[in-house]
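Sequence and predicted structure below; questions after.
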Amino acid sequence: MKPYVIEYTVRTVVMGESESEAYSAALDEWREVAGDSTPDVDVSDEVHSAKDLPSGWDLQCIPYGGDGTTRLEHLICTPTEEPKP
């Protein structure tokens, strides 16, 4: 299996007195929205190196959908790179 960067898009409606309150409500309600929605999924790129990772991700992260223990550094190293022990 190979790691890929994906993007979920969900359109929903939240309540708020202003855009900033609606933004806060969206963050507060995210788990419920995610459970109630079917997102559009865009598979954008295969991850070949750390520079391909989205913001907030690094080689120490464990990707979703794998074995739950293998870090990205062990999945995307090139033949000239050695994974850290």
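Looks like it arrived, so ask away. Numbers count the residues shown, from 1 in each chain.

Now do the strands in this structure.
Using DSSP state E, the strands of the chain run over residues 4-9, 40-46.

pretty sure Ser49 contacts Leu75?
No. Between Ser49 and Leu75 no contact is recorded; they are 11.2 Å apart, counting by C-beta atoms under 8 Å. Just so you know, the C-beta spots here come from the backbone N, C-alpha and C atoms, and that holds for glycine as well.

Where does pLDDT dip in the protein?
Scanning the chain for pLDDT under 70 picks out the ranges 77-85.

For the residue nearest to Ala50 when sequence neighbours are not counted, give me phi and psi.
Distances taken as C-beta to C-beta, 6 or more residues apart in numbering place Leu59 nearest to Ala50, at 5.4 Å, with adjacent residues excluded. Dihedral angles of Leu59 (phi, psi; degrees, to the nearest 10) stand at phi -70, psi -10.

list the contacts for Leu59?
With contact taken as C-beta atoms under 8 Å, 6 or more residues apart in numbering, Leu59 is in contact with Ala50, Leu53, Arg71, Leu72, Glu73, Ile76.

again, only using 6 Å
The contact partners of Leu59, taken as C-beta atoms under 6 Å, 6 or more residues apart in numbering, are Ala50, Leu72, Glu73.

between the residues you listed, which has the most around it?
Highest neighbour count within the contacts of Leu59, by other C-beta atoms under 10 Å: Leu72, with 22 neighbours.

Quick check: Pro55 vs Val5, distance?
That one is not Pro; residue 55 is Ser. Taking C-beta to C-beta, to the nearest Å as the measure, Ser55 falls 11 Å from Val5.

Give me the more crowded residue out of the two.
More crowded of Ser55 and Val5, by other C-beta under 10 Å: Val5, with 15 against 4.

Quick one: neighbours of Asp58, just the number.
Neighbours of Asp58 (other C-beta under 10 Å): 10.

which non-adjacent residue is nearest it?
The nearest residue in space to Asp58 (C-beta to C-beta, 6+ apart) is Ala50, at 6.6 Å.
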